[in-house]
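Trainee: Give the three-dimensional model of this entry:
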Amino acid sequence: MKKFLSLLVTYIIIFSTFLNSANASYAGSDEPSIPAEAAILMDYETGKVLFNKNGDKKVYPASTTKAWTAYLVLKYKPNLNEKVQITKDPNVEGSSMYLKVGESFSVKELLEGLLVHSSNDAAVVLAEYVSGSIKEFANLMNDEAKSIGAKNTHFTNPHGLPDKEHVTTANDMALMAREAMSNSIFRDIVKTKSISFPATEAYPYERYFVNTNKFLTSNEKINYNGKDIDIKYDIVDGIKTGYTDDAGRCLLSSAVKNGRRLISAVFKSTGNDLYLASRTLLDYGFNNFHNETIVAKNKYTGNERVLFSKQKELIYEPEFTYKVLLKNGTPTSSYSVKTKLDKIHLPIKKGDKVGTLEVYNSNKLETKINLVATNDLNSIFGPLVENKIISMVLKVTLIFIVSIFVILLFIRRKNKKKYRKNIFNGKGKRR
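Mentor: Here you go, the predicted structure:
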């Protein structure tokens with residue numbers, strides 16, 4: 001019996017040691033663990049991915065689809081005040097504005113219904129308004145998604161209702177969310193907490209809707225780091241929820257803190273774990289990373305003397321400020337830059353490309369930034385130099401004239417020396 005107890009104690013100690021070792025390894029991990037099947041955390045400014053869990057796995061986007069629908073409406077039909085007549089029943093299930101035949105709403109009102117209340121009927125009306133049909137609008141959605149790098153997405157409708165062919169990935173949706181948040185009107189709508197529409201003849205009741213995003217409106221609680229806290233999170237300013245049985249709970253989020261914006265895309269979660277996962281990611285990004293400016297557009301300027309120009313000097317600057325996202329504590333001393341100016345041909349207009357700024361990280365080329373002129377530069381010879389052939393002929397002629405002048409000057413000086421030498425030797429005496 002004693003031998004058995006001794007062996008049992010030994011086993012428990014070994015097993016406990018194993019568990020402690022495993023826990024220590026897990027606790028040392030840099031990345032958080034989240035209750036969701038797929039997720040991406042992306043820095044808005046640089047587009048760099050800070051967290052990736054099954055980011056390229058195919059998922060159903062549900063109503064997060066509507067973020068892309070809204071962005072394309074804003075891109076192709078930017079007149080927000082234009083009225084859209086409801087000429088037929090949208091005939092779509094699920095969340096609805098209860099649009100009735102004979103009513104009319106502005107583009108902005110339909111977008112509000114789409115993004116705040118997640119109205120499927122508004123999605124149908126807007127899609128047909130932009131492209132004439134659901135099919136054509138879906139084609140537009142797919143083409144535009146591919147154009148920004150979303151390679152694993154295929155949309156079949158503007159609302160995200162179940163369809164086996166209507167799929168995306170967390171990474172692709174983060175890219176689309178980032179693109180959509182570049183539009184100021186989109187940003188204003190997705191952070192709106194509630195909307196209302198007055199009664200109409202066709203629908204004699206006020207329509208009042210609260211944003212489906214609990215980060216903006218909810219008084220519910222989640223257990224976060226061992227404490228019960230509000231789901232509502234003041235740094236979040238959008239963007240879109242989604243849910244179907246097959247998709248699970250989905251959420252695209254944008255948050256701003258200390259001037260930085262992050263985008264999170266969380267798919268196939270459950271209940272309020274969706275908000276736990278999203279907040280965990282956002283806080284992880286803000287607490288562990290920072291943006292560093294490597295090239296500041298307004299500070300990194302240069303100049304170059306230009307012969308035969310009225311202004312005499314070309315002033316140039318980078319086309320844009322270049323920032324990188326770094327883990328806290330990472331030094332920037334490994335970065336360096338090289339300026340390479342193009343061959344200058346007059347005239348030059350403000351904004352013209354005049355060279356390239358190469359950015360190196362540890363002596364490896366990381367990116368190239370166009371250098372652009374900040375001033376106009378015109379030739380002293382006028383419009384004739386706009387023709388490159390004439391300009392070249394003039395330059396060659398001028399060089400030839402200057403060369404002849406220099407040669408003649410040299411011969412004259414040589415003759416003078418010879419004459420003086422003859423005088424000194426008595427050969428130049430007059431008789």
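
Trainee: And the helices in the protein?
Mentor: 2-27, 65-76, 107-116, 120-131, 134-147, 170-180, 184-190, 214-217, 273-288, 388-424 (DSSP state H).

Trainee: hey, which of these is tucked in deepest?
Mentor: Mean neighbour count (mean count of other CB atoms under 10 Å) peaks for helix 170-180 among the helices of the chain, with a mean of 26. Quick note: C-beta positions are derived from backbone N, CA and C, even for glycine.

Trainee: thinking residue 303 is in contact with residue 312, fair?
Mentor: No - the criterion here is CB atoms under 8 Å, and residue 303 misses it with residue 312 at 10.0 Å.

Trainee: low-scoring stretches of the stretch 251-400 of the chain, by residue?
Mentor: 382-391, 394 (pLDDT under 70).

Trainee: What segments of it are strands?
Mentor: 260-269, 289-295, 302-305, 313-318, 322-327, 335-341, 353-361, 364-373 (DSSP state E, counting those that start in this stretch).

Trainee: Output those strands in TSV, with distance to residue 162 appended to each entry.
Mentor: Output for the strands of the stretch 251-400 of the chain, formatted as TSV (distance: least, CB to CB, whole Å):
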stretch	distance to residue 162
strand 260-269	14
strand 289-295	36
strand 302-305	57
strand 313-318	48
strand 322-327	36
strand 335-341	48
strand 353-361	45
strand 364-373	42
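
Trainee: Pick the most buried one from the ones you listed.
Mentor: Of the strands of the stretch 251-400 of the chain, strand 260-269 is the most buried (mean count of other CB under 10 Å), at a mean of 26.

Trainee: Please save the CA atoms from that strand in PDB.
Mentor: The C-alpha trace of strand 260-269 is given here as PDB (Å, rounded to 0.1, in the frame of the first residue of the first chain):
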ATOM      1  CA  ARG A 260      -4.400  55.500 -34.000                       C
ATOM      2  CA  ARG A 261      -7.200  53.500 -35.700                       C
ATOM      3  CA  LEU A 262      -7.400  49.700 -35.700                       C
ATOM      4  CA  ILE A 263      -9.800  47.400 -37.600                       C
ATOM      5  CA  SER A 264     -10.800  44.000 -36.200                       C
ATOM      6  CA  ALA A 265     -12.800  41.300 -38.100                       C
ATOM      7  CA  VAL A 266     -14.200  38.500 -36.000                       C
ATOM      8  CA  PHE A 267     -16.200  35.600 -37.500                       C
ATOM      9  CA  LYS A 268     -18.100  32.600 -36.200                       C
ATOM     10  CA  SER A 269     -18.300  33.500 -32.500                       C
END
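
Trainee: Direction included, what does it pair against?
Mentor: strand 38-43 (antiparallel), strand 248-257 (antiparallel) (DSSP bridges).

Trainee: What residues are bridge-paired with residue 105?
Mentor: Where residue 105 sits in a bridge, its partners, by DSSP bridges, are residue 84.

Trainee: quick one: pLDDT of it?
Mentor: Here the pLDDT value assigned to residue 105 is 98.

Trainee: give me every residue that touches it.
Mentor: Residue 105 sits next to 83-84, 86, 99, 113, 197 when contact means CB atoms under 8 Å, 6 or more residues apart in numbering.

Trainee: what about 10 Å?
Mentor: By CB atoms under 10 Å, 6 or more residues apart in numbering, residue 105 lies in contact with 83-86, 97, 99, 111-113, 122, 125-126, 197, 200.

Trainee: May I see the residues you listed arranged in CSV, with distance to residue 50 as well?
Mentor: Shown next, in CSV, are the contacts of residue 105 (distance: CB to CB, whole Å):
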residue, distance to residue 50
83, 43
84, 39
85, 45
86, 43
97, 36
99, 40
111, 30
112, 31
113, 33
122, 33
125, 37
126, 33
197, 39
200, 46
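
Trainee: Dump those into JSON lines; add pLDDT as well.
Mentor: As requested, the contacts of residue 105 are arranged in JSON lines below (pLDDT from 0 to 100):
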{"residue": "83", "pLDDT": "97"}
{"residue": "84", "pLDDT": "98"}
{"residue": "85", "pLDDT": "97"}
{"residue": "86", "pLDDT": "97"}
{"residue": "97", "pLDDT": "97"}
{"residue": "99", "pLDDT": "97"}
{"residue": "111", "pLDDT": "98"}
{"residue": "112", "pLDDT": "98"}
{"residue": "113", "pLDDT": "98"}
{"residue": "122", "pLDDT": "98"}
{"residue": "125", "pLDDT": "98"}
{"residue": "126", "pLDDT": "98"}
{"residue": "197", "pLDDT": "97"}
{"residue": "200", "pLDDT": "95"}
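
Trainee: which of the strands paired with strand 260-269 sits most buried?
Mentor: Counting by mean count of other CB under 10 Å, the most buried of the strands paired with strand 260-269 turns out to be strand 38-43, with a mean of 26.

Trainee: just the angle between it and strand 322-327, please?
Mentor: For strand 38-43 against strand 322-327, the angle by axes from the mean of the first three to the mean of the last three CA atoms, to 10 degrees is 130 degrees.

Trainee: quick one, strand 38-43 and strand 289-295 angle?
Mentor: Using the same axes, to 10 degrees, strand 38-43 lies at 40 degrees relative to strand 289-295.

Trainee: now strand 38-43 against helix 170-180, angle please.
Mentor: 40 degrees.

Trainee: what stretches of the stretch 51-200 of the chain score poorly on pLDDT?
Mentor: For the stretch 51-200 of the chain, no range has pLDDT under 70.

Trainee: Phi and psi next, for residue 351.
Mentor: phi 100, psi -10 (degrees, to the nearest 10).
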